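A.B. asks: return a 3D structure for these sequence lines:
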Amino acid sequence: MTITVLKPGLLSTFQDLGRFGYQHLGVPACGAMDGNALRLANLLAGNDPGCAALEITLVGPRLRFEQPACFAIAGADLGATLNGEPAALHRPLVARAGDELAWIARVRGARCYLAVHGGFALDTVMGSDSTYLRSGFGGLQGRALAKGDRITLRRPLRGQSLQDLVDMLWQQRIYLPAGLSARPDAAVRIMPGAQWNDFSAASRPALVEAIWRIGAQSDRMGYRLEGPPLALSSPRQLLSEAIAFGAIQVPAGGAPIVLMADRQTTGGYPKIAQVATVDLPVLAQKAPGDAVSFELIDLGRAQRLDALREQSFVRLHESLAWLRERLRAYREEPT
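C.D. replies: I've put the predicted structure just below:
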């Protein structure tokens, strides 16, 4: 009932939608950098959308299935292969015992998500399976994958009559709603931050007019942006306050930092802007050196865009009822 890690990849960790309700205690939410891709992979594997999946960054692992499983990959195209043949993104696939799943070369994007039907047996901490690397808890022993790891599957498939399932899945056409379409080269939409009006008359337009680069010192905690320096109209002291995924802080040096999934729970730097929730996945698929630009929108538009996204996920979930029903007939029940 396991997957064996033959090569771990650059950074492969288990993430779900996050660890909520503990930020007042200083525990970060963590969770998937690209929540859209996580939810999409899970739905296409016949899971609940918030199940933990393997988040794979830039260079993927090589894995061997020791028992049959239905899986799906969503997000970045990192060159996934199954037994050396291309493995399609954004559709359910079947691996037999002994099959090897590997990622050979990055094509576009930075992170993809591997979901397996039934989910992975992981270390649940504070109601979440997300890995928090800095404190070493959650996921698989609080760390990234390592060579030789054996990952337990909660509900592998029975080995009998798998060809019927494979044939049926390939014959099905799966359409993703328009609201879930990727926007890899589009401007990231932002709203004015809490201290927007405190920034200089030159800094505010510079944020949306400049082409920024993701700096080399960027990770799951935050993206450092390279571009024109931003400054307050006049120096001021701020009390530390809660910060959200996608907050754009500007330290004294003037180089903005976009706070990401593993962000700290509070911060005292001025916040010039906030990335709209709907575009956090766009930013999450950027790698160091990639260009990014911003488009200013208001809160009302951000809320409408987010509502459209949620409606799209509801439609996709409803359209995949046949998949969940069919997989129930093939999976091994726990003994």
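A.B. asks: who touches residue 73 in this structure?
C.D. replies: By C-beta atoms under 8 Å, 6 or more residues apart in numbering, the contact set of residue 73 is 41, 80, 87, 89-90, 93, 112-115. To be clear about C-beta, it is placed using only N, CA and C from the backbone, and glycine gets the same treatment.
A.B. asks: so it, which state does it fall into?
C.D. replies: strand (DSSP: H, G, I helix; E, B strand; the rest coil).
A.B. asks: what sits opposite it in the beta ladder?
C.D. replies: residue 114 (DSSP bridges).
A.B. asks: can you list the domains in this structure?
C.D. replies: Per automatic domain parsing, the domain ranges recorded for the chain read 2-174+320-328, 188-309.
A.B. asks: and the gap between the nearest residue to residue 151 once chain neighbours are set aside and residue 284?
C.D. replies: Leaving aside its chain neighbours, residue 151 sits nearest to residue 3 (4.5 Å; criterion: C-beta to C-beta, 6 or more residues apart in numbering). Distance check for residue 3 against residue 284: by C-beta to C-beta, to the nearest Å, it reads 24 Å.
A.B. asks: how about the helices in the stretch 101-250 of the chain?
C.D. replies: Under the criterion DSSP state H, counting those that start in this stretch, the stretch 101-250 of the chain carries helices at the ranges 162-171, 203-209.
A.B. asks: packing partners of the first one?
C.D. replies: In terms of contact count using 3 or more C-beta pairs under 8 Å, 6 or more residues apart in numbering; DSSP states H and E, helix 162-171 is assigned the packing partners strand 93-95, helix 321-328.
A.B. asks: same question for the last one.
C.D. replies: Contacts of helix 203-209 with other secondary structure elements, assessed using 3+ C-beta pairs under 8 Å, 6+ apart, are made with strand 271-275, strand 294-296.
A.B. asks: cutoff 10 Å now
C.D. replies: For helix 203-209, the contact count by 3 or more C-beta pairs under 10 Å, 6 or more residues apart in numbering; DSSP states H and E identifies strand 188-192, strand 271-275, strand 294-296 as packing neighbours.
A.B. asks: show me which positions of that helix end up buried.
C.D. replies: Of the residues in helix 203-209, 203-204, 206-207 count as buried by neighbour count, 16 or more other C-beta atoms under 10 Å.
A.B. asks: if we only consider those, which is nearest to residue 134?
C.D. replies: Taking C-beta to C-beta as the measure, residue 207 is the one of these closest to residue 134, at 28.6 Å.
A.B. asks: ok, now which ones touch the closest one?
C.D. replies: Applying C-beta atoms under 10 Å, 6 or more residues apart in numbering, we find residue 207 in contact with 190, 192-193, 196, 199, 225, 227-228, 230, 248, 250, 256, 272-273, 293-294, 296.
A.B. asks: how many neighbouring residues does residue 46 have?
C.D. replies: Residues lying near residue 46 (other C-beta atoms under 10 Å) number 25.
A.B. asks: so what's it up against?
C.D. replies: The contact partners of residue 46, by C-beta under 10 Å, 6+ apart, come to 70-72, 92, 115-118, 320-328, 330-331.
A.B. asks: any weak-confidence spans in this structure?
C.D. replies: Within the chain, the ranges that satisfy pLDDT under 70 run 332-335.
A.B. asks: can you pull the phi and psi angles for the residue of it most remote from its centre?
C.D. replies: In the chain, counting by C-alpha atoms, centre = their mean, residue 234 sits farthest out from the average C-alpha position, at 37.3 Å. As for residue 234, its main-chain torsions (degrees, to the nearest 10) stand at phi -150, psi 150.
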